[in-house]
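Student: Quick check, what structure comes out for this input:
(2 chains)
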Amino acid sequence: MSKVEKKVDIDAMRHSCSHVLAQAVLRMFPEAKLAIGPTIENGFYYDFDLPRTLIPEDLPLIEKEMKNIVKQNQKFIRKEEPADKAIEFLKAVGQNYKVELVEGLKDSGEAISFYENIMPNDGKAMFVDLCRGPHVDQTGQIGAFKLMKIAGAYWKGDEKNPMLQRIYGTCFETREELDEYLKQLEEAKKRDHRRLGTALGLFQFHDISPGSVFFLPKGTIIFNELLKFLRSEYRKRDYKEVITPLIYNKALWEQSGHWEHYKDNMFLLNMDDIEASLKPMNCPSHMLIYKMETHSYRDLPLRIADFAMLHRNEVRGALGGMTRVRKFCQDDSHIFVAEEQLEQEILNCIDFAKFIYEEIFDFTYEVCLSTKPEKSMGSDEQWASAELALEKALEKAKIPFTVNAGDGAFYGPKIDFRIKDSLKREWQCATVQVDFQMPLRFELEFEGSDGKPHTPVVVHRALLGSLERFMAILIEHYAGAFPVWLAPVQALVLPVSEKFNDYANEVNKTLFDSGLRCEVDSSNETLGKKIRNAEMSKVPYMIVVGEKEVADKNLTVRDYATKKQEVMGLEEFLELETLKKPY
RNA sequence: GCCACCUUAGCUCAGCGGUAGAGCUACAGUUUUGUAAACUGUGGGCCGUCGGUUCAAAUCCGACAGGUGGCUCCA
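Tutor: Residues are numbered from 1 along each chain as shown, chains lettered A, B, ... in the order given. Alright, predicted model coming up:
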């Protein structure tokens, strides 16, 4: 290969690498059955049905075999076959998963193509795989790769199908890029919210209540600051907060339809010998609240907000950190509108979300519009108008979005805001959903200007989503170094030695009285150690006081973000722009 | 729920058939410190739980619990 050779297509290279993986696995396990092996972000995977389960020690052996194949510089040759011949061939070699794939393709009219690997010198056939391509020309063009992990995966992603063994790999053009990527993964692990949560004393989990967070005092501060911020916005945006029960007679869930659709995910209990449950969501409670009074068109939009804790009995395997929990709290609201107010209200929600995501937290996010699923309630006209309302609002807000056809809730279409965690996994945070069904089920009404009863439309919306999940993402976003308004400890006063403790306490009291969350580190440690401790707990401001500061009645302020130190007066410090809250 | 792996001191981890280890933390003393680790000493463990194999189990096997990575799910 010459160095001036045109850049290989990275996806073709990764896909070729997955074929090399399959060939290597087939060498080790001739009876292996191949499923699919596509490229993914930063790499590829391949699913196999193998005679035994793989162990982690297998990966280096497979990798070694792969390196041999790359060294042989086998050629990739594309061949097309009629579907019948392809099936006949695949059946002959016992590749039943591939047979199934071709059968699925048969009627699509798509050409059935195979890629064969042959030795460059004698043309000896080494491996052949059903594949759409494209591939690189020769295995020698595959750059640096590494097999990452083994996982189980259902054939065609359906849990009724047999579970296959999936091997994940990563592949880059150069060794340097691969190393850089592996380093990035290491760095990402350092900002994992579970690790930082423990290191910074924010929260813990306990075996005794899997899937539920114990917020420690410092984590509780962050949680409550988020609530304070939201409440201040609610005041401005005319939301009305309510407090609702957690336990409900099952009759409520029967009325809402959850008993039928969601019972398996609810924690059931007994109340006065009646089946009851902890609420997994707030909607029905708010329908009840709506019905507690009569409503005029003048009341609408009526925005009911609730921070009630919700319990969902998620299957154990789905739990993970604070991103997927059993007990959580949403910044939930149900907005009751007249149909003609719908589009404007959706726009209000989107503006609110945009304000939070962009101006307050500076997140990168992706927005997705989910439309009518197969199983749904309501008329096609209603769905179409709701989908149109969501689409128009997104366009007006100038938010780019993708459409996820058929992924809406059974009661209406929705807009999701998704944010990636440190490991690049996407999590749904904000959601804005239109619902025509719940108002009908609960027979909600308002009196129109015509004096007649009308049915309102409900907008379900949560902007942070679950506060637990949002906090997890915030922790990773800031790598634990929160903006001052969220920081559990905002300033730490560090006396240079015991002699200056009095002055330190005096400074601390002034800061404390002005509302700052501050502490004095009067431990018997060197200043260097105190700085180190403060740095590790990511305190935004370290205020050093010693002989000079006592004499000049001022402070030396070390800024966590900039690592710079500046001498200033107490008043001056309290005036800092960064100390201002967004509420 | 499914597949794989993991679980040792408050935290991070070593030990992997022969009487339980380190660093940090905690506590006590010395030191009085000027911007990322002062020094000395002392604590601290049913080696996740239960069962099995063995003369002997943190170590091997099994079950259970919890966690992690995937899959499925995620109103």
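
Student: CA only for contacts and neighbour counts going forward, please
Tutor: Noted.

Student: near RNA strand B, which residues of the stretch 301-450 of chain A?
Tutor: Applying Cα under 7 Å from any atom of the strand, we find that the stretch 301-450 of chain A lies next to RNA strand B at A:314-321, A:409-410, A:423, A:425.

Student: List only buried entries from the residues you listed.
Tutor: A:314, A:319, A:321, A:409-410 (16 or more other Cα atoms under 10 Å).

Student: what's the closest of those to RNA strand B?
Tutor: A:Gly321 (3.9 Å; Cα to the nearest atom of the strand).

Student: Let me know the helix or strand that the closest residue to the closest one other than its chain neighbours is in.
Tutor: In this structure, A:Gly321 finds its nearest non-sequential neighbour in A:Arg194, 6.1 Å apart by Cα to Cα, 6 or more residues apart in numbering. According to DSSP states H and E, A:Arg194 maps onto helix A:193-199.

Student: Show me what that helix is in contact with.
Tutor: The contact list for helix A:193-199, computed with Cα atoms under 8 Å, 6 or more residues apart in numbering, reads A:190, A:202-204, A:321-322, A:472-473, A:475-476, A:479-480, A:537.

Student: Over to stretch A:29-48?
Tutor: The contact list for stretch A:29-48 (Cα under 8 Å, 6+ apart) reads A:11, A:14-15, A:17-19, A:21-22, A:25-26, A:49-51, A:94-98, A:153, A:155, A:164-172.

Student: just checking, which of these belong to strands?
Tutor: Within these, membership in strands is found for A:49, A:153, A:164-172, as judged by DSSP state E.

Student: any idea which of those residues is closest to RNA strand B?
Tutor: Distance to RNA strand B across these (Cα to the nearest atom of the strand) is lowest for A:Ala153, with 3.7 Å.

Student: Distance-wise, check that closest one relative to A:Tyr45.
Tutor: Applying Cα to Cα, to the nearest Å, the value for A:Ala153 to A:Tyr45 is 11 Å.

Student: Same question for A:Lys548.
Tutor: Counting by Cα to Cα, the gap from A:Lys548 to A:Tyr45 is 62 Å.

Student: okay, those two: which has more neighbours?
Tutor: Set side by side, A:Lys548 and A:Tyr45 show more neighbours around A:Tyr45, with 26 against 11, by other Cα atoms under 10 Å.

Student: What sits closest to the more buried one if chain neighbours are left out?
Tutor: Spatially, and ignoring its direct neighbours in sequence, A:Tyr45 is nearest to A:Tyr168 (4.3 Å; Cα to Cα, 6+ apart).

Student: Let me see the contact set for the one you found.
Tutor: Neighbouring residues of A:Tyr168 by Cα under 8 Å, 6+ apart: A:43-46, A:147-151.

Student: per-residue confidence at A:Tyr411?
Tutor: Per-residue confidence (pLDDT) for A:Tyr411: 86.

Student: any idea how far it is from A:Ala386?
Tutor: For A:Tyr411, the distance to A:Ala386 equals 11 Å [Cα to Cα].

Student: Also A:Lys529?
Tutor: Distance, A:Lys529 to A:Ala386, by Cα to Cα: 59 Å.

Student: same question, A:Ala125
Tutor: In terms of Cα to Cα, A:Ala125 sits 57 Å off from A:Ala386.

Student: what does A:Leu394 give?
Tutor: 13 Å.

Student: out of those two, which sits in the busier spot?
Tutor: Taking neighbours as other Cα under 10 Å, A:Leu394 and A:Ala386 compare with A:Ala386 leading, 25 against 22.

Student: what's stretch A:388-407 in contact with?
Tutor: By Cα under 8 Å, 6+ apart, the residues outside stretch A:388-407 that reach it are A:342-344, A:346-347, A:350-351, A:366-374, A:413-415.

Student: How many residues are close by A:Lys160?
Tutor: Residues within reach of A:Lys160, counting by other Cα under 10 Å, total 9.

Student: Next, the contact list for it, please.
Tutor: A:Tyr154.

Student: Check A:Asn313 too.
Tutor: A:Asn313 makes contact with A:264-267, A:326 under the criterion Cα under 8 Å, 6+ apart.

Student: and if we set it to 6 Å?
Tutor: A:265-267, A:326 (Cα atoms under 6 Å, 6 or more residues apart in numbering).

Student: possible to save those residues as a markdown table with neighbour count, pLDDT and secondary structure?
Tutor: Listed next are these as a markdown table, based on neighbours: other Cα atoms under 10 Å; pLDDT from 0 to 100; DSSP: H, G, I helix; E, B strand; the rest coil:
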| residue | neighbour count | pLDDT | secondary structure |
| --- | --- | --- | --- |
| A:Asn265 | 16 | 94 | helix |
| A:Met266 | 21 | 95 | coil |
| A:Phe267 | 17 | 95 | coil |
| A:Arg326 | 24 | 96 | coil |
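
Student: quick one: which of those residues is nearest A:Glu506?
Tutor: Nearest to A:Glu506 among the contacts of A:Asn313 is A:Arg326, at 44.8 Å by Cα to Cα.

Student: Show the backbone phi and psi for A:His460.
Tutor: phi -90, psi 130 (degrees, to the nearest 10).

Student: okay, it: pLDDT?
Tutor: pLDDT, A:His460: 96.

Student: For the stretch 51-200 of chain A, what lies in contact range of RNA strand B?
Tutor: With Cα under 7 Å from any atom of the strand as the criterion, the stretch 51-200 of chain A meets RNA strand B at residues A:53-56, A:149-154, A:157-159, A:163, A:165-166, A:194-195, A:198-199.

Student: which among these end up buried?
Tutor: A:150, A:153, A:163, A:165-166, A:194-195.

Student: Would you mind listing the two of those that lie farthest apart?
Tutor: The most widely separated members of these, counting by Cα to Cα, are A:Met163 and A:Arg195 (31.3 Å).

Student: domain ranges for chain A?
Tutor: Using automatic domain parsing, the domain ranges for chain A come out as A:10-184, A:194-477, A:491-579.

Student: Would you confirm that A:Pro540 contacts A:Tyr560?
Tutor: Yes: the pair A:Pro540 and A:Tyr560 qualifies as a contact (Cα atoms under 6 Å) at a distance of 4.8 Å.

Student: the more surrounded of these two?
Tutor: Neighbours per residue, other Cα under 10 Å: of A:Pro540 and A:Tyr560, the larger number sits with A:Pro540, 27 against 16.

Student: So which of the contacts of stretch A:388-407 belong to strands?
Tutor: Judged by DSSP E, the contacts of stretch A:388-407 include A:366-370, A:414-415 as members of strands.

Student: Adding neighbour count as columns, could you present those residues in CSV?
Tutor: Output for the ones in strands among the contacts of stretch A:388-407, formatted as CSV (neighbours: other Cα atoms under 10 Å):
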residue, neighbour count
A:Glu366, 17
A:Val367, 19
A:Cys368, 21
A:Leu369, 24
A:Ser370, 22
A:Lys414, 26
A:Ile415, 27
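
Student: Can you get me a residue count around the residue nearest to A:Gln330 when sequence neighbours are not counted?
Tutor: Among residues not flanking A:Gln330 along the chain, A:Ser466 sits closest, at 4.2 Å (Cα to Cα, 6+ apart). Neighbour count of A:Ser466, defined by other Cα under 10 Å: 26.

Student: Run a quick check on A:Ser466 versus A:Asp332, I expect a contact.
Tutor: No: counting by Cα under 6 Å, A:Ser466 does not reach A:Asp332; the two are 8.5 Å apart.

Student: Please report how far the residue nearest to the spatial centre of chain A lies from A:Thr220.
Tutor: Chain A has A:Trp427 as the residue nearest its centroid, 1.8 Å off, counting by Cα atoms, centre = their mean. A:Trp427 sits 22 Å away from A:Thr220, going by Cα to Cα.
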